[in-house]
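**Q** Structure for this input, please:
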Amino acid sequence: MAAKPKLTPVPVAPPADVAEAPRPAKKSRLLLMVLVTLVIGASLGGGAWYVFGRAPVEAKADGKADAHAEKKPPPAPTFATLEPFTVNLLEENGDHYLQIGIVYQVADAKTVDTMKLYMPVLRNRILLALSSKRPSELAPLEGKQKLVAELVIAARQSLPGEAAERGIQGAFLSAFVIQ
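**A** All right, here's what the predicted structure looks like:
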């Protein structure tokens, strides 16, 4: 009888597509790393929101001003425009005159009404102030700025009241011609 050949197992290589697939353990590690990164990022973002976004709210609870609170828009400015003035300036190298437009910024409409009531006094003070100037005083920027300050003082002195400002906040030149 013939002897049966002995069979020995031959190792067989797995197919190429099976050998390249990642093991399930590597997938779970990758998924775990992504999840941990997302949790850390969310924690940092939430912490930053709490520290920077919530701090003003807590300050408001303490009675401090809230920087992010709704701010009311400033009230619209109120202006009083005077009729233009034309005055002779002090003589300097011939005759010169000044034509000027003045607009006052005032606190409210009530101040405008008061100015209308005292307009003769106001116009008198302005005319006296303007006619006492020389062209060389008014030509430079500093001279015009000084004149504006004097016009504010003249308006405040013309109106009655105890407060130093008397509702006059400022003056602006709307026209300025020296000839």
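**Q** Now do the same contact list for residue 176.
**A** When contacts are counted by Cβ atoms under 8 Å, 6 or more residues apart in numbering, residue 176 is found next to 98-101, 144. The way it works is simple: take the backbone N, C-alpha and C, and place the C-beta from them, glycine included.
**Q** element containing it, please.
**A** Secondary structure here is read from DSSP states H and E; on that basis residue 176 sits in strand 168-178.
**Q** Buried among the contacts of residue 176? Need that as a selection in ChimeraX.
**A** Per 16 or more other Cβ atoms under 10 Å, the buried members of those correspond to this ChimeraX selection:
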select :98,100
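**Q** from the contacts of residue 176, which is closest to residue 74?
**A** The shortest gap between residue 74 and any of the contacts of residue 176 belongs to residue 101, at 25.2 Å (Cβ to Cβ).
**Q** residues in contact with the closest one?
**A** Contact criterion Cβ under 8 Å, 6+ apart gives 81-82, 84-85, 173-176 as the residues in contact with residue 101.
**Q** ok, now residue 100?
**A** Applying Cβ under 8 Å, 6+ apart, one finds that residue 100 lies in contact with 84-87, 130, 173, 175-177.
**Q** quick one: it is in a helix?
**A** No. Counting by DSSP: H, G, I helix; E, B strand; the rest coil, residue 100 falls outside a helix, being strand.
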